[in-house]
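A.B. asks: My questions concern the predicted model and sequence given below.
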Amino acid sequence: MDGRSSGAEGNPTDAAVILRVLRVSLHVGFAVLLLVALVRLLAAGIHGAGWLSLGLVLCLAGVYLAGTALEKRHSVRPGRFDPRPYSTWWLAAVCLLWLLLVWGSADFVWLAFPLFFLQLHLLPRGPALAAIAASTLLVVTALWFHNGGPGNALQLPMLLGPGFGAAFAVVTGLAYRALYSEAENQRLAAEELRRTRAELARSQHDAGTLAERSRLAREIHDTLAQGFSSIILMGRSAEQALEAGDTGTARNRLRTVQETAAANLAEARNFVRGLQPPELEQNPLVDSLRRLCEQTETEAAARGKALRCRLEIDGTPAELPNPYRTTLLRAAQASLANVWAHADARTAVVTLSFLGTEVAMDIFDDGDGFDPSAVPDRADGSGYGLKSLRDRVAALAGTIDLESAPGDGTVVAIRLPLGKEEP
């Protein structure tokens, strides 16, 4: 019964292979020595105490085989009965049977050599060395007793043979322990590496999931949610116009509803494909911003407010990477949506500046203004716009500044350094 072998059994390292070979050699050596002693016992003829020796041989073989079989069974399938807590008792039973056999015949003294290895492996080092010393002394005593006993002097080979055998067993056993420790350390390191890889893969998956959720949240807030809000507003305005008999205004409002719904449908389809905003596929950024200003005026008029929104260009327009165009357009959409929905402003100005090393956009309105530090988180998700905008700008290593105060209007200033792609 190998009390510590199962830990390295499944480890396909060189040390584990050596350990397996040593264990097999130990068991085979014990079986061969026991078989040789049994053959000599049978050859001498069984009579009197010989029957007792035969019974002890069979009992020793059964106990040894049962222990090794249970250990092997557990190492193959760890869920089965674990014999390791009983390994010391098993070793004690094997040694006791061996002592009884040695008392009857000197042919069994040579079983001491595989027992040396078992004692050194199953017992702590101090008790193991003491057990080996006691076993060596018993072997010497048995050889002396079976060769004449007190009537004959103790011969040198009776001392040297068991002594050298015990020393060899100790050296080999210590080497076995070192190999076992190396194999066990390698197994633990491999398990730790597998756990680390699994945790890394799981954390990367979770990070990817959170990033995708954040991206979808930004896109939905900046496009679909604002579009639906506009549709609701235009629908109410059309209903009021119909009740007042103004069919022309109602027709214009319904046309805006259709256009907004069509744009939202295009946005939804582009979410699936992960493409740029559809208006940027068909129009340059400047044209998209100019069209956005016109739409903002229309939506403000639907609320009965006279809002003038204009676009100003500073510098020579340059071709921007798609992530930059998308971020700037989304920033303008979110900011102007807040202007016509909350600011009660008369004028809104979008300034797009091409400054060589960076591109900047400022959205100004002369509305009511607010305290940026006192903006609460709304349970309905309507306060997500600023956070979404900050995330977009941060992804491009840009900066965003918000300046506002009650009664003084609002300025949203965005700076994006050129020459850096989105990670």
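C.D. replies: Nice, I can see it. Numbering: from 1, shown residues only.
A.B. asks: Give me the neighbour count for T141.
C.D. replies: 16 (other Cβ atoms under 10 Å). To be clear about C-beta, it is placed using only N, CA and C from the backbone, and glycine gets the same treatment.
A.B. asks: Export the helix or strand hosting it to PDB, keeping only CA atoms.
C.D. replies: For T141, the host element (DSSP states H and E) is helix 125-146. C-alpha atoms of helix 125-146 as PDB (Å, rounded to 0.1, in the frame of the first residue of the first chain):
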ATOM      1  CA  ARG A 125      12.100   9.800   8.400                       C
ATOM      2  CA  GLY A 126      13.000   9.300  12.100                       C
ATOM      3  CA  PRO A 127      10.700   6.400  12.800                       C
ATOM      4  CA  ALA A 128      11.600   4.900   9.400                       C
ATOM      5  CA  LEU A 129      15.300   4.900  10.200                       C
ATOM      6  CA  ALA A 130      14.600   3.400  13.600                       C
ATOM      7  CA  ALA A 131      12.500   0.700  12.000                       C
ATOM      8  CA  ILE A 132      15.200  -0.100   9.400                       C
ATOM      9  CA  ALA A 133      17.800  -0.400  12.200                       C
ATOM     10  CA  ALA A 134      15.600  -2.700  14.200                       C
ATOM     11  CA  SER A 135      14.800  -4.800  11.100                       C
ATOM     12  CA  THR A 136      18.500  -5.100  10.300                       C
ATOM     13  CA  LEU A 137      19.300  -6.200  13.800                       C
ATOM     14  CA  LEU A 138      16.500  -8.800  13.600                       C
ATOM     15  CA  VAL A 139      17.900 -10.100  10.200                       C
ATOM     16  CA  VAL A 140      21.400 -10.400  11.700                       C
ATOM     17  CA  THR A 141      19.900 -12.200  14.800                       C
ATOM     18  CA  ALA A 142      17.800 -14.500  12.700                       C
ATOM     19  CA  LEU A 143      20.800 -15.500  10.500                       C
ATOM     20  CA  TRP A 144      22.900 -16.100  13.500                       C
ATOM     21  CA  PHE A 145      20.200 -18.100  15.200                       C
ATOM     22  CA  HIS A 146      19.400 -20.300  12.200                       C
END
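A.B. asks: Now do it: distance to the chain's middle.
C.D. replies: In terms of Cα atoms, centre = their mean, to the nearest Å, the centre of helix 125-146 is set 53 Å apart from its chain centre.
A.B. asks: after it comes which helix or strand?
C.D. replies: helix 156-219.
A.B. asks: Which neighbouring elements make contact with that following helix?
C.D. replies: Using 3 or more Cβ pairs under 8 Å, 6 or more residues apart in numbering; DSSP states H and E, the elements in contact with helix 156-219 are helix 6-9, helix 14-43, helix 112-122, helix 125-146, helix 247-273, helix 385-395.
A.B. asks: at 10 Å what do you get?
C.D. replies: helix 6-9, helix 14-43, helix 112-122, helix 125-146, helix 247-273, helix 322-338, helix 385-395 (3 or more Cβ pairs under 10 Å, 6 or more residues apart in numbering; DSSP states H and E).
A.B. asks: Can you pull the poorly scored residue ranges out of the stretch 1-150 of the chain?
C.D. replies: 1-19, 22, 48, 146-150 (pLDDT under 70).
A.B. asks: circling back: can you add distance to E239 and give the helices and strands packed on helix 156-219 back as a markdown table?
C.D. replies: Listed next are the helices and strands packed on helix 156-219 as a markdown table, based on distance: least, Cβ to Cβ, whole Å:
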| stretch | distance to E239 |
| --- | --- |
| helix 6-9 | 77 |
| helix 14-43 | 80 |
| helix 112-122 | 90 |
| helix 125-146 | 92 |
| helix 247-273 | 8 |
| helix 322-338 | 21 |
| helix 385-395 | 27 |
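A.B. asks: Between the ones you listed, which one is closest to R303.
C.D. replies: helix 247-273 (11.4 Å; Cβ to Cβ).
A.B. asks: List the buried residues of the closest one.
C.D. replies: Under the neighbour-count criterion of 16 or more other Cβ atoms under 10 Å, helix 247-273 has 249-250, 252-254, 256-257, 259-260, 263-264, 266-267, 270 buried.
A.B. asks: and those residues as TSV, adding pLDDT?
C.D. replies: Output for the buried residues of helix 247-273, formatted as TSV (pLDDT from 0 to 100):
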residue	pLDDT
T249	82
A250	82
N252	82
R253	81
L254	86
T256	80
V257	82
E259	81
T260	78
A263	78
N264	75
A266	75
E267	72
N270	70
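A.B. asks: Could you point out which of these is nearest to T68?
C.D. replies: N270 (68.4 Å).
A.B. asks: ok, back up a step: what's the closest of the helices and strands packed on helix 156-219 to S105?
C.D. replies: The nearest among the helices and strands packed on helix 156-219, by Cβ to Cβ, is helix 14-43 at 6.5 Å.
A.B. asks: Tell me the helices and strands packed up against the closest one.
C.D. replies: helix 6-9, helix 50-76, helix 87-104, helix 112-122, helix 156-219.
A.B. asks: okay if I get these as CSV plus mean neighbour count?
C.D. replies: Converted to CSV, the helices and strands packed on helix 14-43 look like this (neighbours: other Cβ atoms under 10 Å):
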stretch, mean neighbour count
helix 6-9, 20
helix 50-76, 16
helix 87-104, 18
helix 112-122, 23
helix 156-219, 14
